[in-house]
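Asker: with the sequence up front, the predicted model follows.
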Amino acid sequence: MSVGISNALPPISGGTTPPAKATRSAEDQAAAQLIADLKSGNLSGAQQDYVTLSSFGPGNSGPFTNSTMKGEFKALGQDLQNGNLKGADADATKLAAQQLTSDKAVASADYQSGNMAAYQQAMSNMKGDQWAIFGSDLVQPPAGGSALGASSGISVQA
């Protein structure tokens, strides 16, 4: 799965660390560890990571406020509890895509409204989520290209 970030938003600075806010950084680190343990097949590690990530929400509900993402996070926990690594990995993939889509929408809305402080915070959050999910920061697109490195136009040749 790949998630592209539209180049309609202004560029952000690079780096290789999660965002500076302590809680947000801890959430991103816990999510990154959960994803790494899922990918390596470490069930007990993933279960512990889930518990850690759960602690960031009220009543151990996790860090998500969106009801769809809360439900997906709960399904992830149920799959882990049942020992279903494949299902848990699928849940985590869906959750990651939903989180990045949400981050992009918030950043775009903040930018469009002219609230640059909120926009910068939203971009910091998106950088942290990108780091947690993919192990890297957002990549600034090359001049005239997209975030995925390709031109924004489509060219098909036979």
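Answerer: Perfect, thanks for sending it. Numbering: from 1, shown residues only.
Asker: and the top helix by length along the chain, which residues are buried?
Answerer: Scanning the chain for the longest helix, with DSSP state H as the assignment, gives helix 85-113. By neighbour count on 16 or more other CB atoms under 10 Å, the buried set for helix 85-113 is 85, 88-96, 98-100, 102-104, 106-107, 110-111. (C-beta placed from N, C-alpha, C; glycine too.)
Asker: which residues touch the residue nearest the centre of the chain?
Answerer: In the chain, the residue lying closest to the centroid (CA atoms, centre = their mean) is Asp129, at 3.4 Å. Going by CB atoms under 8 Å, 6 or more residues apart in numbering, Asp129 touches Asp28, Ala31, Ala96, Gln99, Leu100, Asp103.
Asker: in what element of secondary structure is the first one found?
Answerer: For Asp28, the enclosing helix or strand under DSSP states H and E is helix 22-40.
Asker: wait, Gln98 touches Lys70, no?
Answerer: No - taking contacts as CB atoms under 8 Å, Gln98 lies outside contact range of Lys70: 10.6 Å.
Asker: show me where the protein dips below the pLDDT cut-off.
Answerer: In the predicted model, the chain carries pLDDT under 70 at residues 1-21, 136-158.
Asker: make it 80
Answerer: 1-22, 59-61, 136-158 (pLDDT under 80).
Asker: contacts only, for the closest residue in space to Glu72 that isn't next to it in sequence.
Answerer: Excluding the flanking residues, the one nearest Glu72 by CB to CB, 6 or more residues apart in numbering is Leu95, at 4.7 Å. Residues counted as contacts of Leu95 (CB under 8 Å, 6+ apart) are Phe64, Met69, Glu72, Phe73, Leu76.
Asker: what about these, which one has the most neighbours?
Answerer: Counting neighbours by other CB atoms under 10 Å, Leu76 leads those with 27 neighbours.
Asker: for that residue, give its distance to Ala105.
Answerer: 22 Å (CB to CB, to the nearest Å).
Asker: same check, this time on Ala36
Answerer: Relative to Ala105, Ala36 is positioned 27 Å away (CB to CB).
Asker: what sits closest to Val51 if chain neighbours are left out?
Answerer: Among residues not flanking Val51 along the chain, Asn60 sits closest, at 7.8 Å (CB to CB, 6+ apart).
Asker: what about that neighbour, how many residues nearby?
Answerer: By other CB under 10 Å, neighbour count at Asn60 equals 12.
Asker: I'd say it and Thr52 touch.
Answerer: No - if you go by CB under 8 Å, Asn60 and Thr52 don't touch, sitting 10.3 Å apart.
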